[in-house]
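> here is the input, now give the coordinates:
(one chain, ligands or ions: 1)
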Amino acid sequence: MVNFDEVINRVDSDSFKWDAANRALGSNDYIQMGCADMDFKAPVEIIEELKKAVEFGIFGYVTQSKTFEEGIIKWYQERHGVEIAKQSIVYTPKVVIAASLCVEAFSRPGDSIILNSPYYPPLDEVSLANGRRVIEPPLEEREGRYVMNLEKLETMIDSKTKIMILVSPHNPTTRIWTQEELEQIADFCVRHKIILFVDEIHSDFVKSGHKFISMAAIKGPIQDLLVLANAPSKTFNVMGCQISYLIIPNAKLRAAMSTELDRIAAYDANTFGNALMKVAYQKCAYYIDELNSYIDGNEEFMRTQFKRVLPKAIIKEREGTYLLWVDFNEQFSSEAQMMSFFRKAKINFLPGSHFGPHFHNFARINIGCPRATLQEVINRIEQAL
Ligand SMILES: Cc1ncc(COP(=O)(O)O)c(C=O)c1O
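Numbering: from 1, shown residues only. Modelled structure (predicted):
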């Protein structure tokens, strides 16, 4: 059993989640629950593989290991029931870089990109920074579930709409799109000849009772418009090793993305990312299974405690990820009031306004941490009340 209860102090480890946020807030006293990485050690198999790479002592240019594609194929087959063709896999350093290159490859300045709100901000920025417009239809809540309104979206697009960016499972709402929803999105893109960039980076975090379906499993012409991105980074908490990949079934699209990767000279892998790929998908499935149970327990803990200490906060239904999407509108009169309360409690997370214009006074709270850290969060809330 992995000991997810182990509390590890990450302050002064140059952690983006802890140190960058502490520096911005001017204090090391905060509990950081913002940036989506977790306070858990990676699987021992990965740590051992990285040690081997360090002990080897030469850190020259790297070509992908011979098993790079093998692991991805095995993972998609065993975890998601999809056959991935070896030639459709393309190495990329980071999912957000891949998204940016996809925007460059398949649209021109002045074209528009669809990205549902609330959104993971870097995916908005890759379009804006490349001089594209972003169409940001807000997800709509129906029977407690966030859904896309594709009929409304039909009225928002035009001939210059070239790409849809779909985050699946969705960050920050945690939605895991159903087969029917994926088929409807696929149909929409096919009808309008829109390239579909699907970011499946959170696909391994599935709450008990839910099932993730990959866009790679949706049959038909969408496969010729699909650029699917994924990485082992969230699953095994190894974001700092910077390795990710694309699955692009269509050869022309794949060639266009490879040209973009060459343009920025992103053809050689990182020593550590490459090393971990040898074992992550081959040997570490047990880790994510145990982690999913632990996260389910963390959610249950937070729900029980929030009912007691912040009874008007509404934790939205979690389907996947290790995030809670919380509506504080009944608890606090404004986002400023919400943030000031949590500043007083020395707890930091990302407010709704971080994820676009439509969800003020919401919060995305990262529960990828030991239960004891969550207990400390609750203690601090109680003290601050
Ligand atoms: C939806 C989503 N995509 C991409 C990323 C970042 O991926 P990468 O570090 O590979 O660019 C994150 C990180 O939080 C994310 O939540």
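
> how about the residues of the chain by the ligand?
The chain comes close to the ligand at residues 36, 94-96, 120, 167, 171, 199, 201, 231, 233, 239, 244, as judged by CB under 6 Å from any ligand atom. Bear in mind the C-beta positions are built from the backbone N, C-alpha and C, glycine included.

> could you identify the longest helix within this protein?
helix 285-309 (DSSP state H).

> ok so, going back, tell me which of the residues of the chain next to the ligand fall in helices.
95-96, 233.

> which of these ranks first by neighbour count?
Counting neighbours by other CB atoms under 10 Å, the top entry in those is residue 95, with 24 neighbours.

> which one of the residues of the chain next to the ligand is nearest to residue 126?
residue 96 (6.4 Å; CB to CB).

> spit out the contact partners of the closest one.
122-123, 126 (CB atoms under 8 Å, 6 or more residues apart in numbering).

> check contacts around residue 190.
Counting by CB under 8 Å, 6+ apart, residue 190 touches 220-222, 225.

> any chance of a ChimeraX selection covering the buried ones in these?
Written as a ChimeraX command, the selection of buried residues from these, which uses 16 or more other CB atoms under 10 Å, is:
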select :222,225
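
> out of the contacts of residue 190, which are inside helices?
Per DSSP H, the contacts of residue 190 never map to helices.

> let's have the contacts of residue 190 in JSON lines, adding pLDDT.
JSON lines is the format used below for these (pLDDT from 0 to 100):
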{"residue": "220", "pLDDT": "97"}
{"residue": "221", "pLDDT": "98"}
{"residue": "222", "pLDDT": "98"}
{"residue": "225", "pLDDT": "98"}
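
> sorry, back to before: and the contacts of residue 96, which are buried?
By 16+ other CB under 10 Å, those give 123, 126 as buried.

> list the buried residues for stretch 240-255?
241-249, 253-254.

> cool, stretch 141-160 as well?
Residues 146-148, 153, 157 are the ones in stretch 141-160 that count as buried (16+ other CB under 10 Å).

> how about stretch 180-193?
Judged by neighbour count using 16+ other CB under 10 Å, the buried positions of stretch 180-193 are 181-183, 185-186, 188-190, 192.

> shouldn't residue 47 be within a helix?
Yes - membership of residue 47 in a helix is supported by DSSP: H, G, I helix; E, B strand; the rest coil.

> and the longest helix of the chain, how far out from the chain middle?
18 Å (CA atoms, centre = their mean, to the nearest Å).

> just checking, next helix/strand downstream of that helix?
strand 314-315 (DSSP states H and E).

> in its sheet, what does that next one sit against?
Strand pairing for strand 314-315, using DSSP bridges, gives strand 323-327 (antiparallel).

> now do the partner strand against helix 285-309, angle only.
Per axes from the mean of the first three to the mean of the last three CA atoms, to 10 degrees, the angle that strand 323-327 makes with helix 285-309 is 20 degrees.
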